[in-house]
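Undergrad: fold the following and give me the result.
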Amino acid sequence: MGSDRPRPRQDFSNRRRIDRRTGPLSGAEDSFVWNMLAEFERVDALEGGLDAIYCDTMSLALVVYLARRYGGARVKDTSIKLPAWRLRRVTEFIDAHLSATIRIADLADLAQLSEGHFHRAFRAATGQTPLAFVHARRVAMAKQLLASSKLSVAQMALRVGFLSPAHFARVFRSMTGQSPSQYRRSFHL
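TA: Model (predicted):
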């Protein structure tokens, strides 16, 4: 049973000096993990929230990294096929739910694959990650709305499923080379 003897206090003040070659769960810091967490925090502060599909994608990357680094896991590079009917089911779901939160888990369920398999199969079938595909669809929808409606950019961002106008503008500019306002001005609205 337990001992009544007090345990010695551990000193964590020199955590950076821990040998990084020690095994898993050794208390050693992993810079990749810390940087990933810092990036989540940075994006959350910058955009006022985290996009669910972004979180799913980055969490999947973190799981693969941890499994390879500390679990000795080897991810098979076997080609995973995403049949056309499953891809169509997924893309129809994405198009129907652009203004809502879209999660990798939901897409994987539609395709009847695990999240990891779905991500690789989707990328192999489309040439894009699910996140990039959803962003492209949202930007396409925004372009249509910008050309035909007088919604503000902030309203537009929410209507097409972005958490913040800043994130919407950044993604829109990266895909079109211009801001949403510049794009709208080209239609004289």
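Undergrad: please count neighbours and contacts with C-alpha atoms only from this point.
TA: OK.
Undergrad: any chance you could map the helices in this structure?
TA: With DSSP state H, the ranges of helices along the chain come out as 31-47, 52-70, 84-96, 104-111, 115-126, 130-148, 153-159, 165-176, 180-185.
Undergrad: so can I have CSV of these showing mean neighbour count?
TA: Listed next are these as CSV, based on neighbours: other Cα atoms under 10 Å:
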stretch, mean neighbour count
helix 31-47, 13
helix 52-70, 15
helix 84-96, 15
helix 104-111, 18
helix 115-126, 19
helix 130-148, 18
helix 153-159, 18
helix 165-176, 18
helix 180-185, 17
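Undergrad: got these as CSV, with mean pLDDT columns?
TA: Converted to CSV, the helices of the chain look like this (pLDDT from 0 to 100):
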stretch, mean pLDDT
helix 31-47, 81
helix 52-70, 80
helix 84-96, 95
helix 104-111, 93
helix 115-126, 90
helix 130-148, 94
helix 153-159, 92
helix 165-176, 93
helix 180-185, 91
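Undergrad: for K150, grab phi and psi.
TA: Dihedral pair for K150: phi -110, psi 20, per degrees, to the nearest 10.
Undergrad: how near is it to S186?
TA: Look at K150 and S186: by Cα to Cα, to the nearest Å, they are 13 Å apart.
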